[in-house]
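1. model this:
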Amino acid sequence: MTDDDPRPAVLALRALNIGDLLVAVPALRTLRRAYPGHRLVLATTAALAPLVDRIEVVDQLLPTPDPTAVPWTGPAPDVVVNLHGTGPQSHRALEALDPRRRIGFRCPEAGPGWEGPDWDAVAGAHPHERARWCALLQAVDIPADPADLRLPLPSERTGRVLVHPGAAFGAKRWPVDRFAAVAAALDGPDSPVLVTGSPGERSLAEAVAQEAGLPADRVLAGRTDLGELCDLVAGAGLVVSGDTGIAHLASAYGTPSVVLFGPVDPAQWGPPADGPHVALAHPTTRRGERFADEPDPALLAIGVEEVLAAADAVRR
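-> Numbering: from 1, shown residues only. Presented below is the predicted three-dimensional model:
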């Protein structure tokens, strides 16, 4: 990697998606504090650049579409930290850079030299994803605080309500008619509902808006980039979504949110318990495969009135 910055580098690998990056924010801030004389480089997907800028501790983004082949050139990084996974593939990708120090969960298949605890032991003691990556650093004597997740607010809050019906997999997508019923009930002069989503989710967002009786210009799916979505969430009065990236943005900005969980346990991926958030889940209902095409039975157990009651409670 060619760079004019003469400082030694700490390279952290986390080449995943929006929510995955946001749960790693406390760990990244910890690394910034632990290595004040280093430049902090984050190997992640290029599309996350607007979000990386808002975290405000990363000196450089290294576009990394494939976590098994980190495209680093130039002098070896001083320290590498695997925040991506437990190895061995991601460990080996960082090992190939010949760093002085290697921090990552213990992985015998990746060879010796890695400092870190056993994943299973940490997962048992720290169920939430944020806490697990902080526990990795704590195990090598780098103090970390999993509650250090908030991003600075770029603007004042409005009364706008963001309804986000999409998710990467069908198992996490609540039905259109239920999202539409929630959108119609929440929409008002002081709380206009906007329907967000990716370009690939535009037809889904349009279906929700049409059934809710919202005008077409309320559909923002496919019309906002990641930076604009960050600003929308930061300034919103409420976010209603499934277990997906926008829910983690709401947690990061302290925006009131109602998050609907199906196949995934909110104890691992849910919003902070002390924030203005409600995680709706039915743990006694059978959870299915998280990558399935159809809505999960536990997600379908959540009703419209339950979501509206949670929205009313979280906005008080």
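2. which residues does the one helix or strand Leu51 maps to contact?
-> Per DSSP states H and E: Leu51 is located in helix 49-55. Applying Cβ atoms under 8 Å, 6 or more residues apart in numbering, the contact partners of helix 49-55 are 18, 21-22, 25, 28-29, 42, 44, 58, 61, 151-152, 154, 225-227, 230. (Glycine included, C-beta is placed from N, CA and C.)
3. can you rerun that using 6 Å?
-> Residues outside helix 49-55 that contact it (Cβ atoms under 6 Å, 6 or more residues apart in numbering): Val25, Val58, Leu61, Leu151, Leu226, Gly227, Cys230.
4. what's the answer for stretch 112-126, then?
-> Thr86, Arg102, Ile103, Gly104, Phe105, Arg106, Arg132, Ala135, Leu136, Ala139, Val140.
5. hmm, Pro88 and the fifth one touching each other?
-> Meaning Phe105. No: counting by Cβ atoms under 6 Å, Phe105 stays clear of Pro88, with 10.6 Å between them.
6. between those two, point out the one with more neighbours.
-> Applying other Cβ atoms under 10 Å to Phe105 and Pro88 shows that Phe105 carries more neighbours, namely 26 against 17.
7. now, among the contacts of stretch 112-126, which is nearest to Ala279?
-> Arg132 (17.9 Å; Cβ to Cβ).
8. now do the contacts for that closest one.
-> Residues counted as contacts of Arg132 (Cβ under 6 Å, 6+ apart) are Val122, His126.
9. Pro256 too?
-> Contact partners of Pro256, counting by Cβ under 6 Å, 6+ apart, are Leu238, Pro276, Val314, Arg315.
10. 7 Å instead, please
-> By Cβ atoms under 7 Å, 6 or more residues apart in numbering, the contact list for Pro256 reads Gly237, Leu238, Pro276, His277, Val314, Arg315.
11. from Pro6, how far off is the second one?
-> When you say that, I think you mean Leu238. 47 Å (Cβ to Cβ, to the nearest Å).
12. highest neighbour count among the contacts of helix 49-55?
-> So for the contacts of helix 49-55 (other Cβ under 10 Å), the most neighbours sit at Val25, 25 neighbours.
13. contacts only, for that residue.
-> Contacts for Val25 (Cβ under 7 Å, 6+ apart) come out as Ile55, Leu149, Ala252.
14. tell me which of those is nearest to Ala184?
-> Comparing the contacts of Val25 against Ala184 with Cβ to Cβ picks out Ala252 as the nearest, at 28.1 Å.
15. what is the neighbour count of the closest one?
-> For Ala252, the neighbour count with other Cβ under 10 Å is 27.
16. is it in contact with Asp148, as I believe?
-> No: in this structure, Ala252 is not within contact of Asp148 by Cβ atoms under 7 Å, at 10.9 Å.
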